[in-house]
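K.L.:
Task: produce atomic coordinates for the following.
(2 chains)
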Amino acid sequence: MKYLDKSINELHELLKTKKIKPIDLVEEAFENIEKNKELNAYITLNKEEAIKEAKALENLEVDNILFGLPIALKDNIITKGLRTTCASHILENFVPIYDATITEKIKQKHMIIIGKTNMDEFAMGSSSRTSYFGAPRNPWNKDKICGGSSGGSAATIAARDLLFAIGSDTGGSIRQPASYTGIVGMKPTYGRVSRYGLVAFASSLDQMGPMTKNVYENAILLNAIVGKDEKDLTSAEKEKEDFTRLIGKEVKGMKIAVPNFLMGDITSDEIKKKIKETIQILEKNGVTVDYVDVKYLEHAMTMYQIIAMGEASSNLARYDGIRYGLKIEDVKNIEELYLETRGQGFGEEVKRRIMVGSYLLSGENAKVYYDKALSIRDDMRKEFKKVFEDYDLIIGPTTVSTAYDLDDPMDDPRKSFMDDVLVIPVNMAGLPGMNIPVGFDKNHMPIGMQIIGNSFEEAKMYQLGSFIEKELNLDLTPGGEK
Amino acid sequence: MKEKLTREQILHVADLARIKLTEEEIEKYQVQLKKLLEDVEKINEVKGYDDDILIACWDENTHLRKDEEGQMLEPKEVLENAPRHAGNYIEVPVVIAESEGA
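P.N.:
A predicted model of the protein is given here:
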């Protein structure tokens, strides 16, 4: 029994012709997860419920391509009746009483939720090492990080446990771990996917998206999760489209920009070399590639620090130990309850960010820092829009280095921001960004390329992504073919 | 420039954030928060931008949903996640102590 190595189309055919049942796939997924237990990719497994659902599906008609397929959700996406911790002590025992809109959509497609994946606490971090439940490990080398914050989702896909996972991306948290683990990760345009039921970190930046082995399956999953939602005012009303529709179409004549900032000194030579090789392939196939300057990119990290920490401090004010969360005994008054719940419940990185955020938004500081960041952010978005007047897409490296060691020091508070320096600008401008694997470094750790599109042009990104994927034809199974 | 923030500065931001810190944490954050605050200071080096601001990135016309009665949560379910509850109420510790009130 080895079905989960097959493509989505093959699986769909097998399910449709009743050659296999959803339970076969669910059991195989749990076997894989058990075999790869040391990756620590999951915080909570949904075994009993998943098996029950798979059996119930046997009586239903296979009505869509995602029917009966297992999926993993990052543990900051709420799931009715299934523990959702955000990898935090403060929510260790939190069981949601309703579903996120994305969870509902996934259930409507009759996909089966296998479990909740490990992550940085409240999605704050770049290596998933801030998880209260311990860091997940990289399937390519278990002594290395798998990136973050959607590290568990990346690890389980890279390890070939199953085909589909959902991550969230506030400042690169889908694309960066996708890059470190050699998978495809899409952060859609801000507004594409309803954020209702995604535990808020920085509301003006947060967005969820698919993490998969390949481009086609990524586009299929995106088809299922987008749409206007009355419960999220910032979700966009768009005509229904098929994100796979441009896959396989020729890329000849496309115009692509490469921001000089992404290919600057901060990025390792090995990664730059791989990106340049990919660019040569594109040029050989009739794509025009130009290096361009995009103003303000070098300031994106500073803007991000101010906006993300500011919004986080406000969003995380809700954890007061009253309506839900950690139970603290023997407190004298309500003030002490707040202080103790938050003091004991949050981890180091989260406390750090909340404190800086509170400072940045307090009194006059809001004008000095936050308003200024929002103002420069507007200019940066206009700069991106100018690039898209002349170019179809933007490309560049996703990360400045490949995955580093799990036991590298964690005491530099800048590190988690520096790791994301190339992926942060996309969130600041609300644009869609996607990682695709383009090769390996000298230690055979994956290298990723970022494709950035204009707002709501994900289909075009998939077109280019699938072309590169096909041209490179990399073996992306850790440890070789299974 | 000093290498770290003062103890008082850390206690001030911890108070703003309603977080109780241990002695060990206070010392660590004196150095770490200093680094982050140096970083955000760099925003003042940026020049040449216009006055428009961008709060969030969406080009759509937004509208509020209709104010209609929708599905409600069951009080019993809501209470299940509350650390303390009694009957249909969530319990909280003393908000204003008697001795302070008089």
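K.L.:
going forward, measure contacts and count neighbours with C-alpha atoms only.
P.N.:
OK.
K.L.:
give me every residue that touches the residue nearest the centre of chain A.
P.N.:
The centroid of chain A falls nearest to residue A:174 when counting by CA atoms, centre = their mean (2.1 Å). Applying CA atoms under 8 Å, 6 or more residues apart in numbering or on different chains, we find residue A:174 in contact with A:148, A:149, A:150, A:154, A:167, A:168, A:185, A:186, A:187, A:209, A:211.
K.L.:
got those as TSV, with pLDDT, secondary structure and distance to chain B columns?
P.N.:
As requested, the contacts of residue A:174 are exported to TSV (pLDDT from 0 to 100; DSSP: H, G, I helix; E, B strand; the rest coil; distance: CA to the nearest CA, whole Å):
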residue	pLDDT	secondary structure	distance to chain B
A:148	96	coil	20
A:149	97	coil	20
A:150	98	coil	22
A:154	98	helix	26
A:167	98	strand	20
A:168	98	strand	17
A:185	98	strand	21
A:186	98	strand	17
A:187	98	strand	14
A:209	98	strand	17
A:211	98	strand	23
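K.L.:
Scan these and report the most crowded one.
P.N.:
Counting neighbours by other CA atoms under 10 Å in any protein chain shown, residue A:154 leads the contacts of residue A:174 with 42 neighbours.
K.L.:
just the helices in chain B please.
P.N.:
Listed in chain order, the helices found in chain B under DSSP state H are B:7-16, B:23-41, B:75-80, B:98-101.
K.L.:
and what of the stretch 301-450 of chain A?
P.N.:
A:334-345, A:348-361, A:365, A:372-390, A:415-418, A:424-429 (DSSP state H, counting those that start in this stretch).
K.L.:
got any ranges where chain B has weak pLDDT?
P.N.:
Along chain B, segments meeting pLDDT under 70 span B:1, B:59-61, B:98-102.
K.L.:
Contacts only, for the residue nearest in space to the middle of it.
P.N.:
Nearest to the geometric centre of chain B sits residue B:17, at 5.7 Å (CA atoms, centre = their mean). Residues near residue B:17 by CA under 8 Å, 6+ apart: A:313, A:317, A:354, A:355, A:358.
K.L.:
can you check residue A:346 too?
P.N.:
The neighbours of residue A:346, taking CA under 8 Å, 6+ apart as the test, are A:88, A:89, A:90.
K.L.:
re earlier: which among the helices of the stretch 301-450 of chain A is found nearest to residue A:181?
P.N.:
helix A:415-418 (17.3 Å; CA to CA).
K.L.:
so what does that closest one touch, helix or strand wise?
P.N.:
Counting contacts by 3 or more CA pairs under 8 Å, 6 or more residues apart in numbering or on different chains; DSSP states H and E, helix A:415-418 is packed against helix A:300-315.
K.L.:
quick one: the helix it packs on near chain B?
P.N.:
Yes - Helix A:300-315 reaches chain B (CA under 8 Å from any CA of the partner chain) through A:302, A:303, A:305, A:306, A:313.
K.L.:
quick one on the thing from earlier: now intersect the contacts of residue A:346 with the strands, please.
P.N.:
Counted as lying in strands by DSSP state E, out of those, is not a single one.
K.L.:
Closest one of the residues you listed to chain B?
P.N.:
Set against chain B, the nearest of the contacts of residue A:346 by CA to the nearest CA is residue A:90 (11.3 Å).
K.L.:
What is the end-to-end distance of stretch A:316-323?
P.N.:
Across stretch A:316-323, the terminal residues are separated by 13 Å (CA to CA, to the nearest Å).
K.L.:
ok, which residues in the stretch 201-350 of chain A are in contact with chain B?
P.N.:
When proximity is defined by CA under 8 Å from any CA, the stretch 201-350 of chain A lies next to chain B at A:204-205, A:230, A:233-234, A:236-237, A:299, A:302-303, A:305-306, A:313, A:317, A:321-327, A:331-335, A:337-340, A:342-344.
K.L.:
re earlier: make JSON lines from the contacts of residue A:174 and add distance to residue A:281 to it.
P.N.:
Listed next are those as JSON lines, based on distance: CA to CA, whole Å:
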{"residue": "A:148", "distance to residue A:281": "30"}
{"residue": "A:149", "distance to residue A:281": "32"}
{"residue": "A:150", "distance to residue A:281": "30"}
{"residue": "A:154", "distance to residue A:281": "27"}
{"residue": "A:167", "distance to residue A:281": "30"}
{"residue": "A:168", "distance to residue A:281": "31"}
{"residue": "A:185", "distance to residue A:281": "22"}
{"residue": "A:186", "distance to residue A:281": "22"}
{"residue": "A:187", "distance to residue A:281": "25"}
{"residue": "A:209", "distance to residue A:281": "28"}
{"residue": "A:211", "distance to residue A:281": "25"}
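K.L.:
List the buried residues in stretch A:276-290.
P.N.:
When burial is assessed from 16 or more other CA atoms under 10 Å in any protein chain shown, stretch A:276-290 yields the following buried residues: A:278, A:279, A:282, A:283, A:287, A:288, A:289.
K.L.:
The fourth one: which element?
P.N.:
Of the helices and strands defined by DSSP states H and E, residue A:283 is found in helix A:269-284.
K.L.:
ok, then the element right after that helix?
P.N.:
Trace forward from helix A:269-284 with DSSP H and E and the next one is strand A:288-292.
K.L.:
re earlier: nearest to residue A:15, of the helices of chain B?
P.N.:
helix B:75-80 (36.7 Å).
K.L.:
what distance separates that closest one from the middle of the whole chain?
P.N.:
From the chain centre to the centre of helix B:75-80 is a distance of 25 Å (CA atoms, centre = their mean, to the nearest Å).
K.L.:
Pull out the buried residues from it.
P.N.:
B:78, B:79, B:80.
K.L.:
Of those, which is the nearest to residue A:82?
P.N.:
Using CA to CA, residue B:80 is the member of the buried residues of helix B:75-80 that lies nearest residue A:82, at 13.5 Å.
K.L.:
so what pLDDT did the closest residue in space to residue A:142 that isn't next to it in sequence get?
P.N.:
The shortest distance from residue A:142 to any non-neighbouring residue, by CA to CA, 6 or more residues apart in numbering or on different chains, is to residue A:39 (7.2 Å). Note for residue A:39: predicted pLDDT of 98.
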